[in-house]
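A.B. asks: one predicted model, sequence on top.
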Number of protein chains: 2
Amino acid sequence: MNPESFFSKDIKPALQNEPPGEWMPVIPQGCIRLSSGYPDPGLVPVEELKNSVVKLLKEEKDLPLHYIGSKKADGLKGTLQHLMKERRMEIGSDELLITSGACQAIDLIARVLIDDETVVAVESPTYMEALEIFQNYTNRFMTIEIDGNGLRTDLLEEELKERREHGEKLPKVVYTIPTFQNPTGTTMSAERREHLMKLADEYNFLVMEDDAYGEVYFNQDTRPLKSMKRGNDPRVLYIGSLSKVVAPGLRIGWVAADKEFIQTLSWFKKDLDHPFSQASVSQLLHDLEWKEHYSALRKVYREKCSLLLSQLEKHMPESVSWYVPQGGYFVWVQVPGTDTSKLLEKAAAEGVSYVPGKYFFLNQEEGLEYLRLSFSYEGESGIVDGVERLARVIRQQMK
Amino acid sequence: MNPESFFSKDIKPALQNEPPGEWMPVIPQGCIRLSSGYPDPGLVPVEELKNSVVKLLKEEKDLPLHYIGSKKADGLKGTLQHLMKERRMEIGSDELLITSGACQAIDLIARVLIDDETVVAVESPTYMEALEIFQNYTNRFMTIEIDGNGLRTDLLEEELKERREHGEKLPKVVYTIPTFQNPTGTTMSAERREHLMKLADEYNFLVMEDDAYGEVYFNQDTRPLKSMKRGNDPRVLYIGSLSKVVAPGLRIGWVAADKEFIQTLSWFKKDLDHPFSQASVSQLLHDLEWKEHYSALRKVYREKCSLLLSQLEKHMPESVSWYVPQGGYFVWVQVPGTDTSKLLEKAAAEGVSYVPGKYFFLNQEEGLEYLRLSFSYEGESGIVDGVERLARVIRQQMK
């Protein structure tokens, strides 16, 4: 019996790609993990969650452990609507679907929108998991450069114009992480945001706004694309996540979109609801006083980012450069003339890890000179020692 | 902007079907729920889960709240392997994938195997959620009757022969719930199990064995199909679930299959792992002494089933009939000459609910006279009063 002979014809093109997860570096024991986009362990509300679960199960007993019936699980939606309202998004309860993290949100949207004829426009570089997901559905992409002010909407417009003139297929959807982008840490300027949404109307495409990092600002909130047209732009499918502000292991993300999209996403969401997880998080957000939690974590990440940047300044060779982020988890570093995927083994041997840049590009060749550093997970000494070790490896390489 | 105009061509045929969840009855407050396939509230280990979560977070702290890194979350796989071994299945760790309940397992398998040209063979009647899922991928089905000894493999063979003779497409996969079937409660006999697997070899199809109820036997364990060929028949994709023996709200299911299938299922599983839920359940199964828990619950369900059956005997008109199950959650009732979907409103007004039979059939006309009762959720008085009320409504209808 040959398993492959039973595969659906629809998945066969996807299986030509690199398997998912190839980007994940093998990290030796004790290695400093500048690769991990994990929250700071000290900011994960372990004690609070414990207390919330105890409270939840005392109050609701078996209810959050059935398929449906927990008021607290149901209440999470209202809390998420409230969180969005604080950021000027006005979302109705039939315009919101809770998912298992942002990844499931991206996958469900892809399932509903993308077939093998669909053109998807993505930032270059962009979130590697999103690339993996989209490539499960299509191999037709438009890649648009990112710079210090986010997506180059001028290049997007050029490409759209050209495609229209040549009668080529236009993209159905643009996937963007406009705020504190993964991996570059850059943020799309207000002008470009306006421009992007004008193009969306003109060329009739949708915008998937992945806002996983939006709440992790250092000084100032950035208005989400979703909030632009009277607080609820119908062209934007907004993706939220609690992974970076509460904890990824609880798997809470969501989509906010036109209710017809939401109905259709629900149609294909076949893991059902996750009442225990949703009710626990609902209770936690209630008990935690999330506003204080969020401001505390903004301060921590601001300081850690600032430390990482100062260490880069101190240790890196002149030719190495990076963007200065205003929020998020990442610093994107260019190491001219160096293949960072080859360098990784040496770095790991020296006790520091990162994610090689190539995984964030559809055309991996374009990313060889880059690497992504996370300041989120490691503590002060990890950041200090990690950058020092990395700089040492880079200097040796450059010799 | 018209959302529908952005939908993938691949989902459009599915959207012609009835939306998922139509089967779920509207249940008035205070209604006796003989419709709910939920575990008995008294068997849901609320206190134990609370203690396990407290213990887990004390021991592992933030680890089960990240993407990966929790030994306990990782340990769940070993526990599931062990549970399977007790039922004579020998499954390697690369042959097992944890999913969010059986539903996600079915959906992932469908995603990997089924395209719009695939013929899927299903029992008739069968689990309505599985029908909903399969119909998202194909509209080509073979339906094979169920009787008191499970799937009529003689009819399956006839149909296969006929298709082969006429050069018609053969099924790629047979979906079966061989043990304590949902909705009929019947169990496939040992002879038919042998016959089914012989046909699978002869006609080169796979078997999806949904064993969600296998552990809920009243007197005697039934050997899963998966266990037949030296404890691991490669033609069987086995689906397990903790929903019926621990709690559905924790969303723990799994697939055991050839490792090439498992790799490919993982490829398309895009909600990532659920470390908090998995680690909590892992800790719970460890603390709970699951063997004792399982035998205690078998006794409870045996007694509740027996009570329901005696009430049916006592109150139902002569012409009403049902199968006597040896395990599981359900009793399948035939009410000749009555459209049970129309009767439901009256029953609900009298304070009792059930699931109308038609939702368990692809051709809903075939199920009009049937209804599914659950003895799992309600207590003694609910079962007694519920059947009495239902019998009253049925007698009035028959007048």
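C.D. replies: Received it, and whenever you're ready, just let me know what you need.

A.B. asks: what residues are up against A:Gly351?
C.D. replies: A:Gly351 makes contact with A:28, A:30-32, A:385, A:389, according to C-beta atoms under 8 Å, 6 or more residues apart in numbering or on different chains. All C-beta spots, glycine's among them, are computed from the backbone N, C-alpha and C.

A.B. asks: for A:Gly357, report the pLDDT, please.
C.D. replies: Confidence at A:Gly357, expressed as pLDDT, is 98.

A.B. asks: quick one: contacts for it?
C.D. replies: Applying C-beta under 8 Å, 6+ apart, we find A:Gly357 in contact with A:125, A:183, A:332, A:340, A:367-372.

A.B. asks: mind checking how far the longest helix along chain A is from the chain centre?
C.D. replies: Assignment by DSSP state H gives helix A:290-315 as the longest helix of chain A. Its chain's C-alpha centre and that of helix A:290-315 lie 18 Å apart, by C-alpha atoms, centre = their mean, to the nearest Å.

A.B. asks: I'd like the next helix or strand past that helix.
C.D. replies: Next along the chain after helix A:290-315, taking DSSP states H and E as the criterion, comes strand A:321-322.

A.B. asks: give me the sheet partners of that following strand and which way each runs.
C.D. replies: According to DSSP bridges, strand A:321-322 forms sheet pairs with strand A:330-334 (antiparallel).

A.B. asks: show residues contacting the partner strand.
C.D. replies: Contacts for strand A:330-334 (C-beta under 8 Å, 6+ apart): A:37, A:125, A:180, A:182-186, A:305, A:308-309, A:312, A:316, A:320-323, A:325, A:357, A:369-376.

A.B. asks: and the angle from it to helix A:290-315?
C.D. replies: Per axes from the mean of the first three to the mean of the last three C-alpha atoms, to 10 degrees, the angle that strand A:330-334 makes with helix A:290-315 is 20 degrees.

A.B. asks: what about the helix or strand just after strand A:330-334, average pLDDT?
C.D. replies: Next helix or strand after strand A:330-334 toward the C-terminus (DSSP H and E): helix A:340-350. Mean pLDDT, helix A:340-350: 97.

A.B. asks: helix A:340-350 versus strand A:330-334: what angle between them?
C.D. replies: Put simply, helix A:340-350 runs at 110 degrees to strand A:330-334, going by the same axes, to 10 degrees.

A.B. asks: how far away is A:Phe375 from chain B?
C.D. replies: 16 Å (C-beta to the nearest C-beta, to the nearest Å).

A.B. asks: how about that residue, what does it touch?
C.D. replies: Counting by C-beta under 8 Å, 6+ apart, A:Phe375 makes contact with A:34, A:301, A:304-305, A:307-308, A:329-331, A:383.

A.B. asks: ok so, going back, what's the closest of the contacts of A:Gly351 to chain B?
C.D. replies: A:Cys31 (13.3 Å; C-beta to the nearest C-beta).

A.B. asks: how many other residues sit next to that closest one?
C.D. replies: A:Cys31 has 20 neighbours, counted by other C-beta atoms under 10 Å in any protein chain shown.

A.B. asks: residues contacting it?
C.D. replies: A:348, A:351-353.

A.B. asks: try A:Leu242
C.D. replies: A:250, A:252-253, A:281.

A.B. asks: in strands, which of the residues you listed appear?
C.D. replies: With strands taken from DSSP state E, the overlap with the contacts of A:Leu242 comprises A:Gly253.

A.B. asks: so which of the contacts of A:Leu242 also contact chain B?
C.D. replies: A:Leu250 (C-beta under 8 Å from any C-beta of the partner chain).

A.B. asks: mind picking the two most distant members of the contacts of A:Leu242?
C.D. replies: Spatially, the most separated pair among the contacts of A:Leu242 is A:Gly253 and A:Val281, at 11.0 Å (C-beta to C-beta).

A.B. asks: which of these two has more neighbours?
C.D. replies: A:Val281 (28 against 25).

A.B. asks: if I look at that one, what pLDDT would I see?
C.D. replies: 97.

A.B. asks: so it sits right up against A:Val246, yeah?
C.D. replies: Yes - counting by C-beta atoms under 8 Å, A:Val246 is a contact partner of A:Val281 at 6.7 Å.

A.B. asks: quick one: the longest strand along chain A to chain centroid distance?
C.D. replies: For chain A, the strand reaching the highest residue count under DSSP E is reported as strand A:140-147. On the basis of C-alpha atoms, centre = their mean, strand A:140-147 is displaced by 16 Å from the centre of the chain it belongs to.

A.B. asks: so what touches stretch A:308-327?
C.D. replies: A:148, A:179-180, A:184-187, A:213-214, A:216-220, A:222, A:298, A:301, A:305, A:331-337, A:373, A:375, A:383-384, A:387-388, A:390-392, A:394-395, A:398.

A.B. asks: from those residues, which land in helices?
C.D. replies: Per DSSP H, helices hold the following members of the contacts of stretch A:308-327: A:298, A:301, A:305, A:383-384, A:387-388, A:390-392, A:394-395, A:398.

A.B. asks: whichever of those end up buried, select them in PyMOL.
C.D. replies: One line in PyMOL is enough to select the buried ones among these; burial here means 16 or more other C-beta atoms under 10 Å in any protein chain shown:
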select buried, chain A and resi 298+301+305+383+384+387+390+391+394
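
A.B. asks: widest-spaced pair of the ones in helices among the contacts of stretch A:308-327?
C.D. replies: Using C-beta to C-beta, the pair of the ones in helices among the contacts of stretch A:308-327 lying farthest apart is A:Arg298 and A:Met398, separated by 35.7 Å.

A.B. asks: mind listing the strands for the stretch 1-150 of chain A?
C.D. replies: For the stretch 1-150 of chain A, strands defined by DSSP state E, counting those that start in this stretch occupy the ranges A:32-33, A:96-99, A:119-124, A:140-147, A:150-151.

A.B. asks: do the third one and chain B meet at all?
C.D. replies: This means strand A:119-124. No - on the criterion C-beta under 8 Å from any C-beta, strand A:119-124 is out of touch with chain B, staying 11.4 Å away.

A.B. asks: and that strand, what's buried?
C.D. replies: Buried residues in strand A:119-124, counted by 16+ other C-beta under 10 Å: A:119-124.
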